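Chemist: no FASTA, just this:
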Ligand SMILES: Nc1ncnc2c1ncn2[C@@H]1O[C@H](COP(=O)(O)OP(=O)(O)O)[C@@H](O)[C@H]1O
Ligand SMILES: [Mg+2]
């Protein structure tokens, strides 16, 4: 097991009182697996990512990566955030090489790596561009190339495509799956979008709200690439949505349920609109 969380709880103190964000989370991610965690906003998804990344420490319980307790950040775990967080003063290639430079890799080797990963995310022609010259989707691809260049054991992705339009997001889903198949990296991907999770994952975990606990897991064996509107996938999406429904009701009004599924596009409208299905 590459990642193992044992009864991990996390409390934050707020004006003297403690807020329990995560409660006794047990979680296992195998090497090479693509696991998605879905849950409504505010349920502790980012906190969970930060715990695995070593950016936060659990209040109780243990986070193990490769059998070793996580005590801080490490190059074996790299996070891709919703906002690409690129260095605006560095061009695309220098952004991808940044971590490698910090780790002392010689310039020639760095160049080889950045060339390899820029090719993987289809940005070879944009190596000399600066972040402000890129679209949102391109920025996320640079962030993914930068993460992969570090050769992590696990890629932690915190709603990386949430700010992108539906079409760009679908393109990046395809690219990410290609990258995953090429590199066989382990991916832990959190999202509030059920459709996104079912298109990508081997296993979709759902997390409850306040305090966050893992509610259930759904293994998806459908071959990839998957179509969001595939009837088999829609059955799975509805099941996941139902399991989340009571959690969502705790935090948002019913009419807000739609935010858990991407707004129905003309192509997918034949699916009946999952938000309406509830
Ligand atoms: N550093 C912090 N200090 C206090 N509260 C926090 C901190 N980080 C997150 N929280 C609280 O924990 C809860 C879960 O946050 P988060 O993990 O960001 O949820 P999600 O990513 O699912 O939207 C929220 O109520 C948030 O306000
Ligand atoms: Mg978050």
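Modeler: Perfect, I can see it now. Every value quoted in this text rests on a predicted model; they were computed, and no experiment measured them. Ligands and ions are numbered 1, 2, ... in the order given.
Chemist: Kindly indicate whether the residue in the stretch 1-150 of the chain positioned nearest to ligand 2 is helix, strand or coil.
Modeler: Going by C-beta to the ion, ligand 2 is nearest to residue 46 of the stretch 1-150 of the chain, at 3.2 Å. In short, each C-beta sits where N, CA and C put it, glycine included. Under DSSP: H, G, I helix; E, B strand; the rest coil, residue 46 falls in the helix class.
Chemist: all numbers from here: first residue = 30
Modeler: With 30 as the first residue, the last one maps to residue 75.
Chemist: For the residue nearest to it when sequence neighbours are not counted, give the beta-bridge partners.
Modeler: With C-beta to C-beta, 6 or more residues apart in numbering as the criterion, residue 75 has its nearest non-adjacent residue at 5.5 Å, and that residue is residue 187. Under DSSP bridges, the beta-bridge partners of residue 187 are residue 219.
Chemist: How many residues are close by residue 187?
Modeler: For residue 187, the count of nearby residues is 21 (other C-beta atoms under 10 Å).
Chemist: now residue 265, what's its secondary structure?
Modeler: Secondary structure assignment for residue 265 (three-state DSSP): helix.
Chemist: ok, it touching residue 249?
Modeler: Yes. At 6.1 Å, residue 265 and residue 249 qualify as touching, with contact defined as C-beta atoms under 8 Å.
Chemist: between those two, what contacts are shared?
Modeler: Common neighbours of residue 265 and residue 249 are listed as 227, 233 (criterion: C-beta atoms under 8 Å, 6 or more residues apart in numbering).
Chemist: OK, contacts around the closest residue in space to residue 200 that isn't next to it in sequence?
Modeler: Nearest residue to residue 200 in three dimensions, chain neighbours excluded: residue 166, at 6.8 Å (C-beta to C-beta, 6+ apart). The contact partners of residue 166, taken as C-beta under 8 Å, 6+ apart, are 193, 197, 200, 201.
Chemist: Pop out the phi and psi values for the third one.
Modeler: The phi/psi pair for residue 200 (degrees, to the nearest 10) reads phi -60, psi -40.
Chemist: what about it, distance to residue 206?
Modeler: 11 Å (C-beta to C-beta, to the nearest Å).
Chemist: give the contact list for the closest residue in space to residue 253 that isn't next to it in sequence.
Modeler: Excluding the flanking residues, the one nearest residue 253 by C-beta to C-beta, 6+ apart is residue 206, at 5.6 Å. The neighbours of residue 206, taking C-beta under 8 Å, 6+ apart as the test, are 229, 253, 254.
Chemist: Now cross-check those against ligand 1 and list the overlap.
Modeler: Among these, no residue sits close to ligand 1 (C-beta under 6 Å from any ligand atom).
Chemist: Spell out which parts of the chain neighbour ligand 1.
Modeler: Selection of the chain residues close to ligand 1 by C-beta under 6 Å from any ligand atom yields 41, 43, 48, 50, 68, 70, 71, 72, 73, 74, 75, 76.
Chemist: Pull out the buried members of the residues you listed.
Modeler: 50, 68, 70, 72, 73, 74, 75, 76 (16 or more other C-beta atoms under 10 Å).
Chemist: With residue 153 as the reference, measure out to residue 44.
Modeler: Residue 44 is 51 Å from residue 153, by C-beta to C-beta.
Chemist: ditto for residue 125
Modeler: Applying C-beta to C-beta to residue 125 and residue 153 gives a distance of 11 Å.
Chemist: any residues in contact with both of those two?
Modeler: Common neighbours of residue 125 and residue 153 (C-beta under 8 Å, 6+ apart) are residue 147.
Chemist: higher neighbour count, the two?
Modeler: Applying other C-beta under 10 Å to residue 125 and residue 153 shows that residue 125 carries more neighbours, namely 30 against 12.
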